[in-house]
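[1] I need the structure of the sequence given here:
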Amino acid sequence: MKKRCGTIAIVGQPNVGKSTMLNYFIGTKLSITSRKAQTTRYQLLGIYTSLETQFIFIDTPGYQLKHLNKLNINLNKTVKQVLQDVDVILFVIEPRQMNEVDTKILQMVPKKIPVILVINKVDRLRDKSRILELINEFKKNDHFKEIIPTSVKKQNNLKELLESARRFLPEQDFIYENDQITDKNERFLAAEIIREKIFRLTGQEIPYSVAVEIEKFEHDGDVRRIFAAIIVERDAHKPIIIGNKGIRLKEISASARVDMEKLFDGKVWLETWVKVQKGWSDDLRALKSLGL
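    The predicted structure is shown next:
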């Protein structure tokens, strides 16, 4: 069998399951997830290599038309740029009719790029006949080369989705090493893991503008020593993250350390602290630091 290799963009609105889907394909928790919309800020590559195929997935921020501050405008631009330069697009939606945001995303896709419509979270539908109704409705849209209902949570139809994407990849040699799973370094991944734990353990109390800066990343034998600053833009946010007697910050650090040790396959010593940098989220330098 000839080798295939190519890029696959995973796009859609916030919280439709894009990052969870990427993590499933890669086989490890690479892209952070939370119920908070727009958790993903970056164009993150996740690489899965089988014997005959190298899938280069690109996890994108959720595209939205509401709350268009400077950060979200730049995130939308990131999505638009990604759509122009990939081999295949997995367009992920929840089991419902398409709305104006979905339509806007499709309008940005060049006609030459094959789009696979992924109807995720079908396990939530009580009336399973609704799935067939949606598929028949979406078949009228000539954008879609294939339509596949899935449940990332239940791991339903994901292998079929992978095989579907494979058929549209070009025949060519692999670009990355067989054991490489991302283009990002460990400093980036460590910062993202900490940011995820902040969102998960603070809920809606902390805004999107929270950031994590790895100030030092050292290898001490088999141990990684990581020193991370959590940056907030208001004095009031600092005690929310620290918590009563530092309990919440300890929970964030402990949970992040566990995930890092799984991802890096080694011991991690993690030290975190919180600092206030007012107005940083409106600073163009801050946007650049987010990879935008």
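[2] Run a quick neighbour tally on residue 44.
    If you count neighbours by other C-beta atoms under 10 Å, residue 44 ends up with 24. From N, CA and C alone the C-beta is placed, and that goes for glycine too.
[3] Distance check, it against residue 23.
    To residue 23, residue 44 is 11 Å away according to C-beta to C-beta, to the nearest Å.
[4] Next, show the common contact partners of those two.
    Taking C-beta atoms under 8 Å, 6 or more residues apart in numbering as the criterion, residue 44 and residue 23 both touch 30-31.
[5] which residues of this structure score low on pLDDT?
    32-43, 61-80, 204-209, 278-292 (pLDDT under 70).
[6] Walking through it, point out its strands one by one.
    With DSSP state E, the ranges of strands along the chain come out as 4-12, 44-49, 53-59, 88-93, 115-119, 144-149, 211-220, 223-232, 267-276.
[7] Which one, of those strands, ends up nearest to residue 161?
    Across the strands of the chain, residue 161 has its closest neighbour in strand 144-149 (5.1 Å, C-beta to C-beta).
[8] In terms of secondary structure, what does the closest one contact?
    Applying 3 or more C-beta pairs under 8 Å, 6 or more residues apart in numbering; DSSP states H and E, one finds that strand 144-149 makes contact with strand 115-119, helix 129-138, helix 158-166.
[9] can I get the CA coordinates of it in PDB?
    Provided in PDB are the C-alpha atoms of strand 144-149 (Å, rounded to 0.1, in the frame of the first residue of the first chain):
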ATOM      1  CA  PHE A 144     -19.600  17.800   2.100                       C
ATOM      2  CA  LYS A 145     -17.800  14.900   0.500                       C
ATOM      3  CA  GLU A 146     -18.900  12.600   3.400                       C
ATOM      4  CA  ILE A 147     -21.100  12.900   6.500                       C
ATOM      5  CA  ILE A 148     -20.200  10.900   9.500                       C
ATOM      6  CA  PRO A 149     -22.100  10.900  12.900                       C
END
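[10] what angle do that strand and helix 129-138 make?
    Counting by axes from the mean of the first three to the mean of the last three C-alpha atoms, to 10 degrees, strand 144-149 lies at 170 degrees to helix 129-138.
[11] Paired strands for strand 144-149, with orientation please.
    Looking at strand 144-149 with DSSP bridges, its partner strands are strand 115-119 (parallel).
[12] thinking again about what came up before, please identify the most buried of the helices and strands packed on strand 144-149.
    Of these, the one with the most neighbours on average (mean count of other C-beta atoms under 10 Å) is strand 115-119, at a mean of 24.
[13] what's the spacing between residue 117 and residue 240?
    Residue 117 sits 40 Å away from residue 240, going by C-beta to C-beta.
[14] Please apply the same query to residue 21.
    For residue 21 relative to residue 240 (C-beta to C-beta), the value is 31 Å.
[15] Of the two, which one has the most company?
    Neighbours were counted for residue 21 and for residue 240 using other C-beta under 10 Å; residue 21 has more, 25 against 17.
[16] who are the neighbours in contact with that one?
    Contact analysis of residue 21 by C-beta under 8 Å, 6+ apart lists 10, 90, 92, 118, 120, 150, 152, 158.
[17] close enough to count as contact, the fourth one and residue 88?
    Read it as residue 118. No - the criterion here is C-beta atoms under 8 Å, and residue 118 misses it with residue 88 at 11.4 Å.
[18] Which among the strands of the chain is found nearest to residue 131?
    Residue 131 lies closest, by C-beta to C-beta, to one member of the strands of the chain: strand 144-149, at 5.1 Å.
[19] Count the neighbours of the nearest residue to residue 251 once chain neighbours are set aside for me.
    Distance criterion C-beta to C-beta, 6 or more residues apart in numbering; nearest residue to residue 251, sequence neighbours excluded, is residue 201 at 5.7 Å. Counted with other C-beta under 10 Å, residues neighbouring residue 201 total 18.
[20] residue contacts, residue 201?
    Contact analysis of residue 201 by C-beta under 8 Å, 6+ apart lists 248, 251-252, 255.
[21] let's go with 7 Å and repeat that
    Residues counted as contacts of residue 201 (C-beta atoms under 7 Å, 6 or more residues apart in numbering) are 248, 251-252.
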